[in-house]
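Peer 1: Just need the structure, nothing else, for what follows:
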Amino acid sequence: QVPRAPSHPLTGSENRRFTNKHSKKALKASLTLGILLGMFFVAWLPFFVTNVAQAVCDCVPAGFFDVLTWLGYCNSTMNPIIYPLFMRDFKRAMGKFLPCCRRSAEPRPSAISLSMRNSNSGLRAATSLKNVL
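Peer 2: The predicted structure follows:
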């Protein structure tokens, strides 16, 4: 989301608070991206280097090559674990779809409310649906 410019000019303390809040978000996003990219390079770089070495000299044992391939696969399984740890929005979205991650305070939407929310018929259809039920 891109923050909208305020309609009135900010005072000095409001401006610092606004800047500080967004710099914290940018720092957290950079940290998350750095962790994801770092894990990607640690997991997949040995595989690609070994793959090139195998093409040049045909000297890499098959078992070692399989271990490096599985290391890359393990990186792919770590992404769904890393995202919820560092991204609150991702955690909220997953909580809506996975019953094991849903908070007890959040009501589970009924099929009728989901269908009404997804339809473009608006309030008129909601009142007629209540009359039918």
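
Peer 1: Name the single longest helix found in the chain.
Peer 2: Secondary structure of the chain read by DSSP state H shows that its longest helix is helix 12-57.

Peer 1: what is the mean pLDDT for it?
Peer 2: For helix 12-57, mean pLDDT rounds to 85.

Peer 1: Show me what the one helix or strand Phe90 maps to is packed up against.
Peer 2: Assigned by DSSP states H and E, Phe90 falls within helix 88-97. Applying 3 or more C-beta pairs under 8 Å, 6 or more residues apart in numbering; DSSP states H and E, one finds that helix 88-97 contacts helix 62-86. All C-beta atoms are positioned from the backbone trio N, CA, C, and that covers glycine.

Peer 1: quick one: contacts of the helix it packs on?
Peer 2: For helix 62-86, the external contacting residues (C-beta atoms under 8 Å, 6 or more residues apart in numbering) are 28, 31-32, 35-36, 39-40, 42-44, 46-47, 50-51, 54, 90-91, 94.

Peer 1: Now restrict the residues you listed to buried residues only.
Peer 2: 32, 36, 43-44, 47, 50, 94 (16 or more other C-beta atoms under 10 Å).

Peer 1: Mind picking the two most distant members of these?
Peer 2: Among the buried ones among the contacts of helix 62-86, the pair separated by the greatest distance (C-beta to C-beta) is Thr50 and Met94, at 34.5 Å.

Peer 1: ok, back up a step: out of the buried ones among the contacts of helix 62-86, the closest to His22 would be?
Peer 2: Comparing the buried ones among the contacts of helix 62-86 against His22 with C-beta to C-beta picks out Thr32 as the nearest, at 15.6 Å.

Peer 1: Spit out the contact partners of that closest one.
Peer 2: By C-beta under 8 Å, 6+ apart, the contact list for Thr32 reads 82, 86-87.

Peer 1: hmm, try it at 10 Å
Peer 2: 82-83, 85-87, 90 (C-beta atoms under 10 Å, 6 or more residues apart in numbering).

Peer 1: Also Leu36?
Peer 2: Neighbouring residues of Leu36 by C-beta under 10 Å, 6+ apart: 75, 78-79, 82-83, 86.
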